[in-house]
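[1] model this:
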Amino acid sequence: MKEAAGEANLTVIAILLIGVIAAVATPLISSMMTSSAKKACCQNYGGIWEQNKCFAVTANGSRGAEIAAATFWNESAKTCN
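    The predicted structure is shown next:
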């Protein structure tokens, strides 16, 4: 009887730990996916992605002025414009 109760307690602890890990990992993964999508949209628009911002490319290939996020990214739909 003691063994069954101990096993049930370990099962509950394991389920709780899985829930905590999922609760912590979900926002992190979501943030990384959004950042990767923004980077791809910026590059598809013809920009350079640096420091979590999109910059125009100058004639000599260097970084130019910052491109507004609304130009290449649809925040509400989380897709490229």
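
[2] all strands of this protein, in order?
    Ranges of strands in the chain, per DSSP state E, are 48-50, 53-57, 63-67, 73-74, 79-80.

[3] nearest to Ala8, out of these?
    Counting by Cβ to Cβ, Ala8 lies closest to strand 79-80 out of the strands of the chain; the figure is 46.2 Å. All C-beta atoms are positioned from the backbone trio N, CA, C, and that covers glycine.

[4] which strands border the closest one, and is each parallel or antiparallel?
    Here strand 79-80 is paired, per DSSP bridges, with strand 73-74 (antiparallel).

[5] how far does stretch 35-51 sit from the chain's center?
    13 Å (Cα atoms, centre = their mean, to the nearest Å).

[6] my guess is Arg63 contacts Ile48. True?
    Yes: using Cβ atoms under 8 Å, Arg63 is in contact with Ile48, at 5.4 Å.

[7] mutual contacts of those two, please.
    Phe55, Ala56, Val57 (Cβ atoms under 8 Å, 6 or more residues apart in numbering).

[8] identify the residues contacting the residue nearest to Ile67 when sequence neighbours are not counted.
    When the adjacent residues along the chain are set aside, Ile67 lies closest to Cys54, with 4.4 Å between them (Cβ to Cβ, 6 or more residues apart in numbering). Going by Cβ under 8 Å, 6+ apart, Cys54 touches Lys38, Cys42, Tyr45, Gly47, Ile48, Glu66, Ile67, Ala69, Thr71, Phe72.

[9] the longest helix along the chain vs strand 53-57, what angle?
    Ranked by residue count, the top helix of the chain under DSSP state H comes out as helix 2-45. Counting by axes from the mean of the first three to the mean of the last three Cα atoms, to 10 degrees, helix 2-45 lies at 20 degrees to strand 53-57.

[10] helix 2-45 packs against which elements?
    strand 48-50, strand 53-57, helix 69-72, strand 73-74, strand 79-80 (3 or more Cβ pairs under 8 Å, 6 or more residues apart in numbering; DSSP states H and E).
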